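Peer 1: Below is the sequence, then the predicted model.
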Amino acid sequence: MDYEELVRNIGKAGLTIKKFAELIKANPNSITNLSNEEKKVPKNLAIIAMLLGELVDNGIDYKPLFDKLQLEPQKARVENKFGNKE
């Protein structure tokens, strides 16, 4: 899945990139940065976006499902003493 397809699928769920990031407890910049890369969207994000689109297409409210997950916020990556991100 490319970035445009990700945006299309989360848009079907009535979400912006920022709201999608909040839903999955990720940093919005981590997701918007994918638009600058020529790579495909990571498969975990592609799966979530595709499932969100399908849930909405089938009249299923996804919000209670995410509430049940009790996801922890994504930790910011920090650089170690060698300049590598961890």
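Peer 2: Happy to help now that I have it. No experiment lies behind these values; they were computed from the predicted model shown. Numbers count the residues shown, from 1 in each chain.

Peer 1: Only C-alpha atoms from now on, for both contacts and neighbour counts.
Peer 2: OK.

Peer 1: So which residues of the protein form strands?
Peer 2: Here the chain has no strands by DSSP state E.

Peer 1: for it, what are the low-confidence residue spans?
Peer 2: 37, 74, 76-86 (pLDDT under 70).

Peer 1: Can you check which helix is longest in it?
Peer 2: helix 43-57 (DSSP state H).

Peer 1: Send over that helix as PDB, restricted to the C-alpha atoms.
Peer 2: The C-alpha trace of helix 43-57 is given here as PDB (Å, rounded to 0.1, in the frame of the first residue of the first chain):
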ATOM      1  CA  LYS A  43       2.400  -3.500   6.600                       C
ATOM      2  CA  ASN A  44       1.100  -3.000  10.100                       C
ATOM      3  CA  LEU A  45      -0.200   0.500   9.200                       C
ATOM      4  CA  ALA A  46      -1.500  -0.800   5.900                       C
ATOM      5  CA  ILE A  47      -3.500  -3.500   7.600                       C
ATOM      6  CA  ILE A  48      -5.000  -1.200  10.200                       C
ATOM      7  CA  ALA A  49      -6.000   1.400   7.500                       C
ATOM      8  CA  MET A  50      -7.500  -1.300   5.300                       C
ATOM      9  CA  LEU A  51      -9.500  -2.800   8.100                       C
ATOM     10  CA  LEU A  52     -10.700   0.600   9.200                       C
ATOM     11  CA  GLY A  53     -12.000   1.200   5.700                       C
ATOM     12  CA  GLU A  54     -13.700  -2.200   5.600                       C
ATOM     13  CA  LEU A  55     -15.300  -1.800   9.000                       C
ATOM     14  CA  VAL A  56     -16.800   1.600   8.000                       C
ATOM     15  CA  ASP A  57     -18.000   0.100   4.600                       C
END
